[in-house]
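# how does the following fold in three dimensions:
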Amino acid sequence: MRLRFQERPWDLIVVLIYTILASIVLLAFGKGVIWAILLVLFVPGYVVVAALFPGHGLSSHLRELAEQGEELLEAARSLGRDPKPYRNVLAQAREAAARGRVSKAIGVLEEGNQRLRADLLDLAGDEPGAWSEVLRPPSREEKVTRTVDWPERITLSFGLAIAITSLLGLLLNLTPSGIRLDSITVAILLFTVFVGLVAIARRIQLPVEDRLSATIAFTLPSRDAPAVDKILTLGLAASIVFAGGMVAYVAITPRPTEQFTQFFLLDRLGGVDRDLYPFNLNVSEPGTVIMVIVNNESLQVHYTIRVDLVGVEIVFNPTTGDNETVERNRTVMDRFTATVDDRGSWRLSYAFTIDAPGTWIVNFLLFRDGNYPQPYRSVELRVRVPRPP
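Next up is the predicted model:
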């Protein structure tokens with residue numbers, strides 16, 4: 001079985017469809033590492049290369065030969081040579097090119113130019129004068145048509161894709177949207193679609209023979225093939241199937257992420273200014289903090305917050321030679337419940353008072369899904385209440 005594209009730019013059509021679908025997946029779910037890597041590292045560069053080099057280079061080579069032919073005609077008139085036979089050659093080349101037979105037109109022009117150049121060299125002798133450059137036979141390097149083959153296209157695609165993505169990132173960094181997943185995805189999508197349409201338009205303007213083409217052949221070993229060839233063919237097919245399955249598995253299976261909950265206290269203004277935390281209070285003076293929960297558990301979680309007031313005493317430990325904090329009493333002050341969605345947050349401004357002097361710890365205990373008595377997270381606020389004068 002053979003797959004071939006030439007009359008229609010199926011490769012660019014597939015690239016544009018892939019870009020649109022991959023962008024939709026990234027924007028809708030915010031996930032898709034495999035799709036994102038391919039979208040960034042190959043696709044933008046491929047459409048740029050396709051727009052710059054839409055064909056095999058036959059049309060440009062045909063134009064070069066036609067320009068050489070016009071110069072040779074001018075030299076023939078100057079040297080007194082009848083240009084009519086060569087005009088017939090140009091007419092044959094134009095007719096072949098008009099029918100899309102670019103290779104035949106190139107062959108006709110190459111043969112005609114060579115024959116006319118040889119005749120003019122014989123006519124001019126050893127001193128062609130002003131026409132020496134025109135009558136000089138082209139070197140081997142000049143005869144080679146400069147084209148971009150598939151290995152070069154693929155290599156350029158990877159290199160240009162990285163450069164283009166970096167440039168788009170720099171430009172996005174200057175905009176209010178910044179460099180985020182959705183902004184860079186939309187930028188790559190718009191760039192790829194626009195350049196891809198330009199590449200398609202440039203390719204279909206070329207004669208069919210000059211358009212970029214490729215043939216992918218799938219053949220099975222015949223019955224008469226050696227056993228080694230059959231085994232290698234089956235092994236290759238199995239490897240392709242296995243590799244495709246692994247890529248699909250990695251792309252579809254969600255990657256495990258670290259699951260955790262953030263539980264912390266902010267000052268009364270919602271910041272982390274140490275001077276605004278109620279570390280020192282008078283008797284019955286209210287102190288205010290803001291409790292914050294951030295859920296990164298990959299699912300909705302029901303939390304319970306218990307606020308304990310713990311009376312502590314600083315005592316000297318003769319064994320260690322250090323002062324230690326010893327708990328003397330504990331009282332439950334308040335309880336709160338909160339249901340937080342995944343990637344969501346919850347906050348509550350909480351005011352408390354302490355009615356007795358001493359050293360106290362306001363202990364904020366977070367429980368997950370009613371899992372008592374072990375707290376899931378814990379935050380302490382040490383408060384000193386002096387005796388009234």
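
# so who does P388 touch?
Counting by C-beta atoms under 8 Å, 6 or more residues apart in numbering, P388 makes contact with 282-283, 357. For every residue, glycine as well, the C-beta is placed using N, CA and C.

# now it: how far from G358?
12 Å (C-beta to C-beta, to the nearest Å).

# so of the contacts of P388, which ones are in helices?
The helices in this structure, assigned by DSSP state H, contain none of the contacts of P388.

# ok, how many other residues are close to T331?
10 (other C-beta atoms under 10 Å).

# once you drop chain neighbours, what's closest to it?
Nearest residue to T331, sequence neighbours excluded (C-beta to C-beta, 6 or more residues apart in numbering): L309, at 4.8 Å.

# checking that neighbour next. Helix, strand or coil?
strand (DSSP: H, G, I helix; E, B strand; the rest coil).

# surely it and R330 touch.
Yes. Assessed by C-beta atoms under 8 Å, L309 is found in contact with R330 at 7.3 Å.

# how about the helices of the stretch 251-389 of the chain, start to end?
Taking DSSP state H, counting those that start in this stretch, the stretch 251-389 of the chain contains no helices at all.

# residues contacting the residue nearest to T331?
Taking C-beta under 8 Å, 6+ apart, one finds 330-333, 352, 354, 360-363 in contact with L309.

# and those, which of them are in strands?
Counting by DSSP state E, the contacts of L309 place 330-333, 352, 360-363 in strands.

# PyMOL command for the buried members of the residues you listed?
Buried residues within these, by 16 or more other C-beta atoms under 10 Å, are selected in PyMOL with:
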select buried, resi 352+360+361+362+363
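
# distance to V289 and pLDDT for the ones in strands among the contacts of L309 - can I get that in CSV?
Shown next, in CSV, are the ones in strands among the contacts of L309 (distance: C-beta to C-beta, whole Å; pLDDT from 0 to 100):
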residue, distance to V289, pLDDT
R330, 19, 91
T331, 18, 92
V332, 17, 93
M333, 13, 94
F352, 8, 95
W360, 14, 93
I361, 13, 94
V362, 8, 95
N363, 12, 95
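
# among the ones in strands among the contacts of L309, which one lies nearest to R343?
The closest of these to R343 turns out to be N363 (C-beta to C-beta; 27.6 Å).

# next up, the contacts around that closest one.
307-310, 330, 378-381.

# burial count for I290?
I290: 16 neighbours (other C-beta under 10 Å).

# and for it, nearest residue in space, chain neighbours not counted?
Counting by C-beta to C-beta, 6+ apart, the residue nearest I290 is L266, at 4.1 Å.

# circling back to that earlier point, want to throw the ones in strands among the contacts of L309 into CSV with distance to L189?
Formatted as CSV, the ones in strands among the contacts of L309 follow (distance: C-beta to C-beta, whole Å):
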residue, distance to L189
R330, 58
T331, 59
V332, 55
M333, 54
F352, 52
W360, 58
I361, 54
V362, 52
N363, 51
